[in-house]
Structures are given as C-alpha cells and as structure tokens.
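Trainee: Give me the fold of what follows.
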Amino acid sequence: MGGGPVSGRRPVRRTARRRPARRSKKQDQQIALLLAAAVGISLVVAVVQWLLVHWWVLLLAGVAAAVVGSLWFQQVRQRAEWARVRAQALRLRIAEIDALDHRGFEFAIRDLMRRDGCKAERLGGAGDNACDVRAVDPAGRIWAIQCKHRRDGNLGSAVGVGVLQQVNGTARQIHGADIAVVLTNGRFSSKAIPWGKEHRIHLVDRHTLGEWAAGSRPLWDLLDRIPPPRRPTALS
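Mentor: Numbers count the residues shown, from 1 in each chain. Model (predicted):
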C-alpha cells in the first residue's frame, strides 16, 4: 500500500513554569523581627556614641536620679513614721476638749502638735504676745498658735477680729512665724473669717479642731494656703 512515510518524531511536551514559592507568614514575621532588631541595635550604638561624646549628660542624669531617689526615700520613710505616730497617737474627742480649762486647752494643743512630729512649747500666760503655743513642724515651718477655749463650745461667744489683729501684730514680727493660727473649740464671727483670709491668719474652728484632735491627719493637711516647706518632706 502506498502511503507517506510515518514520522518517527515524538511529540514535544511543554513543561509548565514553576511559580516561585511564597514566603510563609512566619517567615515574614521573622524577617520583620530581624529588621527591627537591626534598627534597635543601630539606635543603641548611635546613642552610646553620642553619650560618650556628651558625657556630661550622663553626669546630670545621675545627679537627677540621685535627687529623685533621695526624695522618694524620704517620703517613704516619713509616711511610715507618720503611720507609726498615728498608731500610737494621742486622740481627743471634742467633748474632752470642751471639759478642759483654758490652760489645759493650751497644753492639749501643744501635745497634739508634738503628736504630729513637731517641736512644740506652751507660751501661754502673761506676756505671751498673743501666742499660746509655738511649734516647728517636720518641714521646718514655725507656727504661732493663739488658743481660745469656750466652755460652751459653739454656744459660747464668737472669736472676733480683735483677737486676729493681736495675732497679726505679733506672730511674724515677734515669734518669727511662717504660719499664724487662731484656734478655738467654738466659732468665729462673720467678720473674722474674711479678715483672717485677707491677713493670712489661719482659723481653726470647732469642726476642724475635732477632726485634727481625732488623729485623722496633721493640722497642715487640714488648712488651706499653707506655705511651702523649708525642707523637703512628705508631711508638708
């Protein structure tokens, strides 16, 4: 039979191109971490080199850290001391204060200031120059306190402007006070309150006295516009 010659060539198979394998999410994260680590190390090296040139910055930072650490330690120590004092402290009820005479009242105020960590003495009597109790608190501030006891408490006569004027004329000039106080187990007249604010005389009425005597907080924490401490302390 006649026919064309049969070709002996095999059919050519086309090979499919392989797609490049995709990186896994875990590999991406590892690469990102490596890059971040490299950047971080570079920054640390750059900062260290800068600090080696500007060594005085390290010195200032060290001094600042020492000051902050010292203040923090003082605060912790004095808070602990105040907690210890409070735990063993003198506590008076307002009824007990009402029952005192004027002299006993002055000694009680002296003892309450001592309870709060002050150095305090009673000056009351003739020639006291309108200061029954003089104290120095843990912050170094000087207190001149004029005491006015009322046996009838709030029902007794109100402490008026005249008493405040006497204190204003002697507390700072004679006693060197940073803080001038008029203190009573009674009340103040309506004119005395604004006069005291105007002349920086701190008024401690029956309510504030009762809270202080109960041992809740030192007196300087219960009054407004107290001057800053003369030395750093957590109690100021």
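Trainee: Show me what secondary structure element comes after the helix or strand of the chain with the lowest mean pLDDT.
Mentor: Sorting the helices and strands of the chain by mean pLDDT, DSSP states H and E puts helix 55-87 at the bottom, at a mean of 74. Next helix or strand after helix 55-87 toward the C-terminus (DSSP states H and E): helix 94-98.
Trainee: from the middle of its chain, how far away would that next one be?
Mentor: Relative to its parent chain, helix 94-98 has a centroid offset of 31 Å by CA atoms, centre = their mean, to the nearest Å.
Trainee: quick one: average confidence on that helix?
Mentor: On average, the pLDDT along helix 94-98 is 95.
Trainee: Next, the buried residues of that helix.
Mentor: For helix 94-98, burial by neighbour count (16 or more other CB atoms under 10 Å) applies to 94, 97-98. (Each C-beta comes from the backbone N, C-alpha and C, glycine too.)
Trainee: what ranges of the protein fall below the confidence cut-off?
Mentor: Scanning the chain for pLDDT under 70 picks out 1-23, 78-89, 231-236.
Trainee: what about the helices in it?
Mentor: Applying DSSP state H to the chain gives helices spanning 25-53, 55-87, 94-98, 102-115, 161-170, 192-198, 206-213.
Trainee: Which strands or helices does the fifth one pack on?
Mentor: Helices and strands in packing contact with helix 161-170 are listed as strand 142-148, strand 179-184, helix 192-198, strand 201-204; criterion 3 or more CB pairs under 8 Å, 6 or more residues apart in numbering; DSSP states H and E.
Trainee: With the fourth one instead?
Mentor: Judged by 3+ CB pairs under 8 Å, 6+ apart, the packing partners of helix 102-115 are strand 119-122, strand 133-136, strand 142-148, helix 206-213.
Trainee: the inter-axis angle of it versus strand 179-184?
Mentor: Going by axes from the mean of the first three to the mean of the last three CA atoms, to 10 degrees, helix 102-115 is angled at 130 degrees with respect to strand 179-184.
Trainee: Sort out which residues of helix 102-115 are buried, please.
Mentor: The neighbour-count check on helix 102-115 (16+ other CB under 10 Å) flags 105-106, 108-110, 112-115 as buried.
Trainee: Now flag whichever of these is closest to Ala213.
Mentor: For the buried residues of helix 102-115, the residue nearest Ala213 by CB to CB is Leu112; the value is 6.1 Å.
Trainee: In JSON lines, list the helices and strands packed on helix 161-170 along with mean neighbour count and distance to Ala158.
Mentor: Below are the helices and strands packed on helix 161-170 laid out as JSON lines (neighbours: other CB atoms under 10 Å; distance: least, CB to CB, whole Å):
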{"stretch": "strand 142-148", "mean neighbour count": "24", "distance to Ala158": "10"}
{"stretch": "strand 179-184", "mean neighbour count": "24", "distance to Ala158": "9"}
{"stretch": "helix 192-198", "mean neighbour count": "16", "distance to Ala158": "7"}
{"stretch": "strand 201-204", "mean neighbour count": "21", "distance to Ala158": "11"}
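Trainee: Assess the claim that Met113 and Trp143 are in contact.
Mentor: Yes. If you go by CB atoms under 8 Å, Met113 and Trp143 touch, sitting 7.1 Å apart.
Trainee: Let me have the helices and strands packed on helix 161-170 in CSV, extended by distance to Asn129.
Mentor: Below are the helices and strands packed on helix 161-170 laid out as CSV (distance: least, CB to CB, whole Å):
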stretch, distance to Asn129
strand 142-148, 9
strand 179-184, 12
helix 192-198, 18
strand 201-204, 15
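Trainee: right, so of the helices and strands packed on helix 102-115, which gets closest to Val182?
Mentor: Short answer: strand 142-148, nearest of the helices and strands packed on helix 102-115 by CB to CB, at 4.9 Å.
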